[in-house]
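S.K.: using only what follows, build the 3D model:
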Amino acid sequence: MCAMDGELSRATLLARGGKVAATVVAASAFGGLATRASAAVPDGDLAYARLLVALELLSLDFYTRAIGAGGGSQLELRRARAAERRHYDVVSTVLTDAGQVAATAQDIDFSYPRGSFSSWSAVAKLGVRLESLSLGAYLGAVRSLQTPLYREHAARAAASEAQHLSFFAGEVGGRRLGPPLPAALTIDRASDALDAFTS
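M.R.: Reported below is the predicted structural model:
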């Protein structure tokens, strides 16, 4: 994983940053109104924001490749990619408003298992894996974030990711309705799972 200021390892992804006084602006992606909250952003919240930024970049990369591969519902794939872009905008704003630089697509090289985009079936199976990761990560964020505004954003993003997961689950012949209480991932488990897709 490469960052603009050098090597971006999992350790630096989770540990970089500090308590910074910031005005946090919620991007309009989650409802059309920007809400402001002035507060010192806890280190843990910034660590989650860095993780979720990287995860959203992976999702954007995946959907772009999936669209390019053809097959499936192109309309649904494009809608999902647009949603992931909105998620990225919101979580990156947490960092930029705290005076930090959010990673961009140029900072991380993603890799996938061989044949991931060779057929629609392969794309859909990978979609289930990635959207399960996204849902678990956002649910973990809901449980762990200290800033109420960020918890609200994470909960709303989790609802969106659950819809994406439902779409792919149906495409691979699985159940569109998942468990009543999906599992939340800790920041370490989500980061470990993300590492599998970074080169």
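
S.K.: now the strands for this structure?
M.R.: 2-3, 6-7, 20-25, 36-41 (DSSP state E).

S.K.: where among these is average confidence lowest?
M.R.: Across those, strand 20-25 has the smallest mean pLDDT, namely a mean of 28.

S.K.: distance-wise, check residue 163 relative to residue 76.
M.R.: Residue 163 is 10 Å from residue 76, where distance means C-beta to C-beta, to the nearest Å. C-betas here are computed from N, CA, C, even on glycine.

S.K.: likewise residue 148?
M.R.: Using C-beta to C-beta, residue 148 is found at 32 Å from residue 76.

S.K.: and the two? Which one has more around it.
M.R.: Higher neighbour count among residue 148 and residue 76: residue 76, with 14 against 10, using other C-beta atoms under 10 Å.

S.K.: confirm for me that that one is in contact with residue 167.
M.R.: Yes: between residue 76 and residue 167 a contact is recorded at 5.8 Å, counting by C-beta atoms under 8 Å.

S.K.: centre of the chain to the helix ranked longest in the chain, how far?
M.R.: Using DSSP state H to define each element, the chain has its longest helix at helix 43-69. When distances are taken as C-alpha atoms, centre = their mean, to the nearest Å, helix 43-69 is centred 4 Å away from the chain's centroid.

S.K.: list the buried residues for that helix?
M.R.: Neighbour counts over helix 43-69 (16 or more other C-beta atoms under 10 Å) mark 43-63, 66-67, 69 as buried.

S.K.: stretch 99-108 too?
M.R.: Under 16+ other C-beta under 10 Å, the buried positions of stretch 99-108 are 100, 102-103, 107-108.

S.K.: and for stretch 76-95?
M.R.: Buried residues in stretch 76-95, counted by 16+ other C-beta under 10 Å: 77, 80-81, 83-84, 86-88, 90-95.

S.K.: repeat for stretch 164-172
M.R.: 164-169, 171.

S.K.: could you do stretch 176-185 as well?
M.R.: Buried-residue list, stretch 176-185, by 16+ other C-beta under 10 Å: 182, 184-185.
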